[in-house]
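**Q** for reference, the sequence and a predicted model appear below.
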Amino acid sequence: MGSRGSRTYQDNGAKPIEQSTTARQATSPPSSVASGPASTARPTPAAQPSWIQRNPLLAGIAGGLAGSWIGHMLFGATDSSARANEAGEPVGENGQAGASGSSGMFILLLLMGAGAWFFYLRSRKPAVAPDFSGIMRSRAVSGSLLADLPVSTLRTATIDSEITSADKAAFQQSLTDIQTAWGKQDLSALRRLVTPEMLEYFSTGLAELTSQDQANRVEDVVLLQAEVRESWVENTVQYATVSLHWSARDYTVSLSKAPGDAGYLIEGSAEKPIETTEVWTFMRYQHGKWLLSAIQQVA
């Protein structure tokens, strides 16, 4: 039970932690990136806009030219017929037959040809597709957040640390104080010695014993051997995993019976100490006080 930071579910030679508020790392990729034919599917691209939507200016010019041509065909012919000479031939403004109609048609054809050539040149220019290949740190713009972001913040940094003799003395004192507070069912004392997660486990265990009208006594704790298995730092938090071997009088009694009565001693011995070995992990913030953060049984 408890938490060992980023190493909560790593194999450290003891039994694995099964109860923890630390999120377990995913062991398989999410379904959205799973291998197989389904992962190669691509979304259907959106429909391209029409030529009129992509080229409103050209559409307006083309529409104006078409309207001018239609207007010339309708009203130009009427005007020419009204000014026909006696021979029945149309007469322009300068008196020459067909001059105005021919010159207007020539200019209209030139404008339409220029518009078609401009559209042809523009349609041949390839559109630049946006690049969604991702942003790499080497391509980050100088001064941007990506360029200035330290690499250590992109992942949990784990650095090995040293444990001093003062730290080992603190581990030994914590063992005695925690076992004593547990035996006395003193949650206030435990709150000053363990992390909130471990306090919840201890509180639940004490509630179960109280519900069964029982109490677990742990007395005369003597540390026999201590071995630091690993110690590391994650950001501002320091961890240390220690193998502790101690002896103590560990027994369970009934709260509804008096000492000496039949059924008072439920389990263990009140006179003979027993030896126990467990793996405890301690943590502290910025060289503060060590707190118990996890307990593992020996594998």
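**A** Thanks, I have it.

**Q** burial of Trp246, as a residue count?
**A** 21 (other C-beta atoms under 10 Å). Any C-beta I mention is one placed from the backbone N, CA and C, and that applies to glycine too.

**Q** ok, Ala248 next?
**A** 21.

**Q** ok, now Gln297?
**A** The local packing of Gln297 (other C-beta under 10 Å) involves 12 other residues.

**Q** what do you get for Ser211?
**A** 8.

**Q** packing partners of the helix or strand hosting Ala240?
**A** In this assignment (DSSP states H and E), Ala240 forms part of strand 237-254. Applying 3 or more C-beta pairs under 8 Å, 6 or more residues apart in numbering; DSSP states H and E, we find strand 237-254 packed against helix 165-183, strand 214-234, strand 265-268, strand 274-285.

**Q** can you say which of the ones you listed is nearest to Gly115?
**A** strand 214-234 (68.3 Å; C-beta to C-beta).

**Q** now do the closest one against strand 274-285, angle only.
**A** Using axes from the mean of the first three to the mean of the last three C-alpha atoms, to 10 degrees, the direction of strand 214-234 lies 40 degrees away from that of strand 274-285.

**Q** and strand 214-234, which strands flank it?
**A** Note on strand 214-234: by DSSP bridges, its sheet partners are strand 158-160 (antiparallel), strand 237-254 (antiparallel).

**Q** and that strand, what's buried?
**A** 215-218, 221, 223, 226, 230-232, 234 (16 or more other C-beta atoms under 10 Å).

**Q** tell me the one among those residues nearest to Asp11.
**A** Glu230 (11.5 Å).

**Q** how close does the closest one sit to Ala207?
**A** Taking C-beta to C-beta, to the nearest Å as the criterion, Glu230 is separated from Ala207 by 33 Å.

**Q** still on that earlier bit, pick the most deeply packed of the strands paired with strand 214-234.
**A** strand 237-254 (a mean of 19; mean count of other C-beta atoms under 10 Å).

**Q** got the contact list for the nearest residue in space to Pro273 that is not next to it in sequence?
**A** Of all residues not flanking Pro273 in the chain, Ser247 sits nearest, at 4.6 Å (C-beta to C-beta, 6 or more residues apart in numbering). With contacts defined as C-beta atoms under 8 Å, 6 or more residues apart in numbering, Ser247 is in contact with 220-222, 224, 273-276.

**Q** out of the residues you listed, which is nearest to Lys289?
**A** Comparing the contacts of Ser247 against Lys289 with C-beta to C-beta places Val221 closest, at 19.6 Å.

**Q** right, I'll call it a day here.
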